[in-house]
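heads up, no residue letters with this:
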């Protein structure tokens, strides 16, 4: 593989980081602080979780894996680990819980049609069906854990291994046609599925229901920071704004995250992630839209002069 190919592969491997949480009080403390039900997780289970502020606004998003009864690993990408640590330490008082950066392990993100079947052949074992569930095995002689991401319609997984064995693991995956996707390809697959990025799409006080993150919070688990706002939004008519897709022409100027979204000159939202979809002949963006402008197929303008068509998520699959 070329030097440039190795750099691309390392970048894909390097985004995900783990924060280890261990101790006698870890499970109940995490259950009180996070948005999903941690008490029901058994070793080998996992669930997407959020930490919210007291007004229900998203502060961080990650996949919590249960290692054993007193040890958990919180995996996140886009440099969120420091944010997770800071937010969780804020809630840590006298509880017997230790937070530690886990730099011995790394995660390779794999996504795309056929990834599940190819991984299953490599492992010689059936892949887990539930979000966050894991299976252990070997790929190219390297001990790994394969975790189902569970978001969106496209099969997507994290392959966990020790950082020292990333190179032989990546080589084995490459040989099987499962090389690390470029950041651009992963972003495109994510946007097609309507999965928001933490940095571009979940900033500026976004709440879980607005971003379609029903898999990351539990309405029945009881109190946690921001829970009252989450419950109230569910009870009284849903969110005042929510995530949509926007299709733009390939030649349109690319909107930066936060670009105003306009209808007849009135501000009705803002843009988030945007990628080129050459196969579909358009650009695809995620946009946060006020309720008064929720109409599939309507034409909206962006503050940079581009115009686009509003689409429900996930985006329709490209015609082949």
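Perfect, thanks for sending it. Please read all numbers here as calculations on a predicted model, not as lab measurements.

Test for you: state the pLDDT assigned to residue 145.
As predicted, residue 145 sits at a pLDDT of 96.

Okay, the closest residue to it other than its chain neighbours and residue 35: tell me how far apart.
Spatial nearest neighbour of residue 145, chain neighbours left out: residue 160 (4.4 Å); criterion: C-beta to C-beta, 6 or more residues apart in numbering. Any C-beta I mention is one placed from the backbone N, CA and C, and that applies to glycine too. Distance of residue 160 to residue 35, given as C-beta to C-beta, to the nearest Å: 23 Å.

Output the contacting helices and strands for the helix or strand encompassing residue 275.
Element membership for residue 275 (DSSP states H and E) is strand 266-277. When contacts are defined as 3 or more C-beta pairs under 8 Å, 6 or more residues apart in numbering; DSSP states H and E, strand 266-277 packs onto helix 183-192, helix 198-201, strand 241-249, strand 260-263, strand 282-290.

So which residues of the stretch 1-150 of the chain form helices?
Residue ranges of the helices in the stretch 1-150 of the chain, as given by DSSP state H, counting those that start in this stretch, are 3-14, 26-33, 81-90, 115-123.

pLDDT of the longest one, averaged?
Averaged across helix 3-14, the pLDDT comes to 43.

mind checking which of the helices and strands packed on strand 266-277 is nearest residue 69?
With C-beta to C-beta, the closest approach to residue 69 among those belongs to helix 198-201: 29.1 Å.

Centre of the chain to that closest one, how far?
In this view, helix 198-201 has its centroid 10 Å away from the chain centroid, taken as C-alpha atoms, centre = their mean, to the nearest Å.

which stretches of the stretch 1-150 of the chain have low pLDDT?
1-14 (pLDDT under 70).

which stretches of it form strands?
Taking DSSP state E, counting those that start in this stretch as the criterion, the stretch 1-150 of the chain carries its strands at 17-22, 46-52, 58-68, 71-76, 98-102, 105-111, 134-139, 142-148.

Any chance of CSV for these, columns distance to residue 318 and mean neighbour count?
Formatted as CSV, the strands of the stretch 1-150 of the chain follow (distance: least, C-beta to C-beta, whole Å; neighbours: other C-beta atoms under 10 Å):
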stretch, distance to residue 318, mean neighbour count
strand 17-22, 32, 21
strand 46-52, 27, 24
strand 58-68, 27, 22
strand 71-76, 29, 23
strand 98-102, 38, 13
strand 105-111, 16, 23
strand 134-139, 30, 18
strand 142-148, 24, 21
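
Could you export those strands as CSV, including distance to residue 230?
Shown next, in CSV, are these (distance: least, C-beta to C-beta, whole Å):
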stretch, distance to residue 230
strand 17-22, 22
strand 46-52, 7
strand 58-68, 11
strand 71-76, 20
strand 98-102, 25
strand 105-111, 28
strand 134-139, 28
strand 142-148, 25
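
Report the contact partners of the residue nearest to residue 15 when sequence neighbours are not counted.
Counting by C-beta to C-beta, 6+ apart, residue 77 is the residue found nearest to residue 15 once chain neighbours are left out, at 4.4 Å. Contact analysis of residue 77 by C-beta atoms under 8 Å, 6 or more residues apart in numbering lists 15, 16, 17, 109, 198.

Residue 63 contacts residue 157, doesn't it?
No: taking contacts as C-beta atoms under 8 Å, residue 63 lies outside contact range of residue 157: 11.2 Å.

Can you pull the residues that touch both of these two?
147, 149.

quick one: contacts for residue 120?
126, 127.

before we move on, back to that, possible to save the helices and strands packed on strand 266-277 as a markdown table with distance to residue 312 and mean neighbour count?
Below are the helices and strands packed on strand 266-277 laid out as a markdown table (distance: least, C-beta to C-beta, whole Å; neighbours: other C-beta under 10 Å):
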| stretch | distance to residue 312 | mean neighbour count |
| --- | --- | --- |
| helix 183-192 | 13 | 19 |
| helix 198-201 | 16 | 19 |
| strand 241-249 | 7 | 21 |
| strand 260-263 | 16 | 18 |
| strand 282-290 | 11 | 23 |
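
just so I know, which of these lies nearest residue 220?
Among the helices and strands packed on strand 266-277, strand 241-249 sits nearest to residue 220 (C-beta to C-beta), with 21.8 Å.

Tell me which residues are up against that closest one.
By C-beta under 8 Å, 6+ apart, strand 241-249 touches 191, 194, 196, 201, 209-212, 255, 261, 269, 271-272, 274, 282-291, 294, 300, 302, 306-315.
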